[in-house]
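*Asks:* Sequence below, structure please.
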Amino acid sequence: MIIWRTCLAIGPEIRKLNRGLRLENLHMKRQIIFGAAFLSALAHTLLFTAAKADERTLIILDGSGSMWGQIDGIPKLDIARQTLSEVLPTLSADKEIGLMAYGHRKKGECNDIEMIVSPAKGAGDAITKAASNMRFLGKTPLSAAVRQGAEALRYTEDKATIILITDGLETCNADPCALATELEKSGIDFTTHVVGFGLKEGEGKQIACIAENTGGIFIEANDSSALKEAMTQTIAKAPAPKPEPTPAPEPKLEATVTHKGTPAIGQFFAVEWSGPSEKNDYVDIAPLGERGTAGSVSSFYTRNSPPSELRAPKNPGQYELRYVHVGKSGPSIIGRSPITIIDAAASLQVSGDAIAADRVTVGFTGPLNKGDYIDIVLPDDIKKFSGELSYSYVEKGNPAQMRAPGKLGDYIVRYVTEGGDGRRMLTSAPLKVAAAEAELDFTGEVEAGNSLEVKFKGPVDGQHYIDIVPENYAKFSNELAYAYVAKAEEGNVVKLNVPGKEGVYQVRYVLEAPGGRRALISKTLMVKAALAELSFAAEIMAGKDLDLTFKGPVSDGHYIDIVPEGYKEFNNELAYAYVSSANEGNTVILNTPGKVGRYQIRYVLEAAGGRRSILSKPLTVLPADIKLETSGIAAMQTDIEVKWTGPNGSGDYLDIVPVGQTAADGELAFAYTVNAEDGISVMKTPNEPGDYLIRYVIEGGGGRVIAASVPLKVQ
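*Replies:* Sure thing, here's the model as predicted:
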């Protein structure tokens, strides 16, 4: 564990320093703290700022989705919440403090920044409560958040301090180092302390500049058990930090860094070095003349055996290799050597104009660095390096294969190289996208619930599809029915399930293209009401099989069912039969319920947009006329004959159970009625003497019903 306490040691005296001297010594104000020291330093930071009655402080809390990551099995967001709940109560009630968050309301939004608790005296409880209710799901626009926080604190007029707690790097195309320099120059007395919480190896150096460039401290923490220990042993007991003695100067250390050749932009090149190689020492490449230890382009920890590799920056020029030793007094450069980075050329060969959503072939030359790619963007986005409409990494082959946008117009093809400090466009070429053409041919009027054959002409590559949607529907989701054109039958024909409700609809040819889906053509479809007939006996004995004939649509999925009277749902039916599996003469057999009552027989369409009943007729289920005759007394383990009359449904059976058993299972013997001869069933009596029942059980729609019983004595 390494803790640099220079800022804390100088205490309130730091604000008495000349601003010029302060800027010259920014690189001496970097702090890397692991384990228990994280919370100790965070408490010191908050309490240090709290001691200044004329200063307002704003906590900016990372609300991005990565905060769900765990440290020792505990989500980072829970550790952060707990930390705030224990640190904030130790602050003075006169301290003005607030809470801002980013990435906590929307996914993928760089403008998701909110002042949750405005700076005010005694706001600690409100901040703790607000943090406990935050969601964590978005991006990391930390630069924009720091800027908004500074402006909210009126940093150009008053003293202002920000405490940024983040578990990741900037993800919204901003330069936090440049922003920190800008705010430092224009602020009256502006400071940002940065808590790097659970960062990946090497990431800390990339955001430490925010603290360094504003005279703040940088804290890096990676151990949850030590965090908890610090919360209970340090923060809760420390009403205010005590300045610690200035550490004794470290012995002078030396190091060397060398390389061979002249690397080009974005290339990986070998570096040899010698030095103390302590745990957090690193070698990096930075612009020549960079002040302090900020500005790192790429780096590696020296604890890895030499030689190691660095990645050259994206721009050519004069740079230097540096050996950075991180000791008790913070980071210091103890070895350096100059290096020249040369530029690299690139060219693009675009194969003429493209058709919307069609393939675009692009030949190229370039440095071919790992991560280089060819992409297609709008002219207004030529300087952006996210949100490209289509792209292909150069390592996937030359020429590059991409898909053109679906909307006609002018676009730009770029060669983008990846450097140690970001991306850069090396060259570009224009691309014109022309409209694609399509045709649809189908019957303009069809009965509800039937299938519709659509013959088409148009682009077949990719995930293009033909769908059915309501009239004037402009969205490209929740279609009523769709089919991919790439899976069409011979002759470019697709089949779609027609909606079950009559009305006016659209059949569309939709391109799945970069930049979003787009309808090439749309034609009207009239869906008329489906006609159906149901013929069956209106009254029937409980449990008796119902013979039913019908007329109506016979597409796959349509069915006829029995449901209770007034039932509107299309699941948990008591009995059903698919019309496509009907017997000759359009006849189906339904097992009627065993319970007496009023029911409905429905003709249900399994149609686009959901199931729909197109016809419903009532059915009355009458009590079953059942008689059971037997000798009443029988010996153990002997066959006994039972003469019966009843509905004789396809699942009905006789059984033997002990007296008092009411459940329609657990029988000791049984016999299906359909297997009986002349209404006589045979069962074997139990192997123990006693009183039993012989029962008639209806296996009807909706479950078994015990319809009749007679006693049986076994001796």
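
*Asks:* Where does pLDDT dip in this structure?
*Replies:* When residues are selected by pLDDT under 70, those of the chain lie in 1-55, 201-202, 222-250, 307.

*Asks:* Going along the chain, name the helices of it.
*Replies:* Under the criterion DSSP state H, helices of the chain are mapped to 6-10, 19-24, 37-50, 76-87, 124-132, 142-152, 176-186, 204-212, 224-230.

*Asks:* Surely residue 658 is in contact with residue 689?
*Replies:* No: judged on C-beta atoms under 8 Å, residue 658 makes no contact with residue 689 at a distance of 11.6 Å. All C-beta atoms are positioned from the backbone trio N, CA, C, and that covers glycine.

*Asks:* so who does the residue nearest to residue 447 when sequence neighbours are not counted touch?
*Replies:* Of all residues not flanking residue 447 in the chain, residue 530 sits nearest, at 5.0 Å (C-beta to C-beta, 6 or more residues apart in numbering). Residue 530 makes contact with 447-450, 500, 502, 552-553, 605, 614, according to C-beta atoms under 8 Å, 6 or more residues apart in numbering.

*Asks:* quick one: which of those has the most company?
*Replies:* residue 605 (31 neighbours; other C-beta atoms under 10 Å).

*Asks:* Tell me how far it lies from residue 563.
*Replies:* 15 Å (C-beta to C-beta, to the nearest Å).

*Asks:* can you check residue 269 too?
*Replies:* Counting by C-beta to C-beta, the gap from residue 269 to residue 563 is 75 Å.

*Asks:* These two: who's more crowded?
*Replies:* residue 563 (26 against 19).

*Asks:* give me phi/psi at the residue in the chain sticking out farthest from the centre?
*Replies:* Largest separation from the mean C-alpha position in the chain: residue 631, at 70.5 Å (C-alpha atoms, centre = their mean). Here is the backbone geometry of residue 631 (degrees, to the nearest 10): phi -70, psi -30.

*Asks:* Now do the nearest residue to it once chain neighbours are set aside: how many residues are near it, please.
*Replies:* In this structure, residue 631 finds its nearest non-sequential neighbour in residue 640, 6.9 Å apart by C-beta to C-beta, 6+ apart. Neighbours of residue 640 under the rule other C-beta under 10 Å: 20.

*Asks:* mind listing what residue 640 touches?
*Replies:* 630-631, 634, 682-685, 712.

*Asks:* Can you say which of the residues you listed are buried?
*Replies:* 630, 634, 683, 685, 712 (16 or more other C-beta atoms under 10 Å).

*Asks:* Give me the distance between the last one and residue 426.
*Replies:* Looking back up the chat, that one is residue 712. From residue 712 to residue 426 the distance is 95 Å (C-beta to C-beta).

*Asks:* Could you count how many residues lie near the closest residue to residue 693 other than its chain neighbours?
*Replies:* Excluding its sequence neighbours, the residue lying closest to residue 693 (C-beta to C-beta, 6+ apart) is residue 709, at 4.6 Å. Neighbours of residue 709 under the rule other C-beta under 10 Å: 18.

*Asks:* So residue 709 sits against residue 697, correct?
*Replies:* No: counting by C-beta under 8 Å, residue 709 sits too far from residue 697 to count as a contact (9.4 Å).
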